[in-house]
Structures are given as C-alpha cells and as structure tokens.
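Engineer: Got a sequence here, can you build the structure:
(one chain, ligands or ions: 1)
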Amino acid sequence: MNKASSAKRRQLVVGNWKMNGSFQENASLLDAIRLGWQGEQAAEVVICPPFPYIAQAVDRLAASTIMVGAQTLSEFEKGAYTGEVSASMLADLNCKFVIIGHNERRRMQRESDQQVAEKFIQAQRAGLIPILCVGESLDDRNKGLHLQTISNQLQAVFERVGLEKFTDAVLAYEPVWAVGTGKTATPDEAEEVHRFMRVQLGEIGKRVRILYGGSGKAHNAQQLFALEDIDGALLGGASLDADEFLAICAAAEHTEATR
Ligand code: PGA
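Structural biologist: Modelled structure (predicted):
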C-alpha cells in the first residue's frame, strides 16, 4: 500500500491544547488559526481545548472548516459521577472528535485499557469520532517490547468493541518517551509502528487514519506525513503556537496535494 492507493485517508491534524489557555489567549489563537487556514478541502484540522473552552472554540471556528474535539470523556453514559463529562454533553456542544487513552491520562489518572474501551463505546454511541491513543514507554522500547505493548493496548479495545467499529475511528501512535519531551520518533521508528498498527486492523486497516504524536513540529511534519502509513499528527506543544500549528497543517495539505 502506498499513499496513492490510500487516497481516501485524508490527512488529519489534531491540536491537543491539554490544560492550557484562557478566554483571552484562546480568542487570539483561534482567530489566528481560523484566518490562517485556507486549505479547506483536502486535509482536516481539529482543535481540542479544555472542557470550559469547547463552546468558545466551536463559536469562534463556526465560519471555518476546522472542527472541535475534547481531550477525554466519561466512560459512563450519565449519573452520579461528580466532575465527569459525558459523550452526549460533548455532542451537545458540537464536538466531533474526542481523544481517548492519552498516555497522560493512562499514567496520571490511571485509566485502564478497560476504561479506555468503555470510553470508546460511549463516544461512538453519541456520534463522536474517537481518537484512540496508544504508545510504549521508554523502558518498553529499550527492551524491544514496543510492538507488544501497542498490540496489548489495541487488542484490549478491539476485543471489547469489535474491530469493525474502527472504520469510524482514528488511531494515534504516541510513544510516551516522545510526548512533551522534544524528542521525536525517527521516520523509521514511527513507520514501523504505524505499519504494525495497520496490520493489526486487518481488512479495514487501509481505511483507518493513524496519526503520529510526540513532539511533532513544523520541521519534521513533512517528512513524517510523506510516509505510507502516517496520516497526520496529534500535536501538543505545537498546537499552542498559531504559526507552528498552521505550518504543520500546511504540510498536511501539501501531502494531500502531492499524492
Ligand atoms: P507534544 O504532545 O506534541 O507536546 O509532544 C503530543 C500529545 O500529547 O498529544
């Protein structure tokens, strides 16, 4: 498979703001991104602000093709879960995507593979597109266990939700050692895992977008996007800087245009 035969997988750039922003800061960041994003048709762009700013982002991006997502959601439908936010609430806010299983949540909130799978189910029930994150620790990589870790994380969700549900989902490979560290996986390291993930998806693999995440920057985006099995990026730090973010969106657009 090469990019040409996978032309239906549109490049996707997702900005994960994590716990950053204020109404004032967001207004200028969102306006700059909206005004700078002219490539409406080919690559897709999604911004995932913290919960309190989702409505602001939806509102401010209404006149553009840029979509809004959330950074997590509850694994339950509704009820006595103080502080949680449900899938249907996100859909109410006009969210289209939701990040699930980000390594910061797996590590800091101790989210298990089972919880990740339940969140995936809730998201799809409400019509949201899950962006399921997987990735190995530095220790796993050093021991040569990275593919095993990825496989375990994927299988836990496949078994619970069924493989066919991934036709309406996005996957993200986020090596833990690369997230927020300034250290990016090399093209070979990234492509090895992306290819492996696609094979794990079996028949539907050719239709599912797999994003790279982990210190993605404008200077390495073009090289990563050119790889057969990389369909875009999930960005943390780079999504907080309009110029950097737009340069990465432009690289995705360029990849679309040159397929
Ligand atoms: P980073 O974060 O780009 O700052 O490494 C990526 C992510 O956590 O999604």
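Engineer: What residues does the closest residue to the ligand within the chain make contact with?
Structural biologist: Proximity of the chain to the ligand (C-beta to the nearest ligand atom) peaks at residue 236, 2.3 Å away. All C-beta spots, glycine's among them, are computed from the backbone N, C-alpha and C. With C-beta atoms under 8 Å, 6 or more residues apart in numbering as the criterion, the residues that contact residue 236 are 16, 18, 179-180, 213.
Engineer: So of those, which two are at opposite extremes in space?
Structural biologist: The distance between the two most remote of the contacts of residue 236 (C-beta to C-beta) is 11.8 Å, for 18 and 213.
Engineer: Which of those two has more residues huddled nearby?
Structural biologist: A count of neighbours by other C-beta atoms under 10 Å puts residue 213 above the other of residue 18 and residue 213, at 27 against 17.
Engineer: dump the residue contacts of the more buried one.
Structural biologist: 16, 133, 135, 172-174, 178-179, 233-236.
Engineer: and with 6 Å instead?
Structural biologist: Counting by C-beta atoms under 6 Å, 6 or more residues apart in numbering, residue 213 touches 172, 174, 234.
Engineer: Of those, which ones also sit close to the ligand?
Structural biologist: Within the set of those, contact with the ligand (C-beta under 6 Å from any ligand atom) is found for 174, 234.
Engineer: Mind checking which of the contacts of residue 213 are in strands?
Structural biologist: When DSSP state E defines the strands, the subset of those inside them is 172, 234.
Engineer: so can I have JSON lines of the contacts of residue 213 showing pLDDT and neighbour count?
Structural biologist: Output for these, formatted as JSON lines (pLDDT from 0 to 100; neighbours: other C-beta atoms under 10 Å):
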{"residue": "172", "pLDDT": "98", "neighbour count": "27"}
{"residue": "174", "pLDDT": "96", "neighbour count": "26"}
{"residue": "234", "pLDDT": "98", "neighbour count": "27"}
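Engineer: quick check, nearest of the contacts of residue 213 to residue 100?
Structural biologist: residue 172 (9.4 Å).
Engineer: Check whether the closest one really touches residue 210, as I assumed.
Structural biologist: No. Here residue 172 lies out of contact with residue 210, judged by C-beta atoms under 6 Å, at a distance of 7.2 Å.
Engineer: What sits closest to the residue of the chain closest to the ligand if chain neighbours are left out?
Structural biologist: Using C-beta to C-beta, 6 or more residues apart in numbering and skipping residues adjacent in sequence, the residue nearest residue 236 is residue 16, 5.3 Å away.
Engineer: what number of residues lie near the closest residue to residue 72 other than its chain neighbours?
Structural biologist: In space, residue 72 comes closest to residue 105 once its chain neighbours are excluded; the distance is 5.9 Å by C-beta to C-beta, 6+ apart. Residue 105 is flanked by 18 other residues according to other C-beta under 10 Å.
Engineer: show me where the stretch 151-259 of the chain has strands.
Structural biologist: 170-173, 209-213, 232-235 (DSSP state E, counting those that start in this stretch).
Engineer: Give me whichever of those strands is most buried.
Structural biologist: strand 232-235 (a mean of 29; mean count of other C-beta atoms under 10 Å).
Engineer: Run through the residues that contact residue 193.
Structural biologist: So residue 193 contacts residue 173 (C-beta under 6 Å, 6+ apart).
Engineer: Roughly how far does it sit from residue 33?
Structural biologist: 29 Å (C-beta to C-beta, to the nearest Å).
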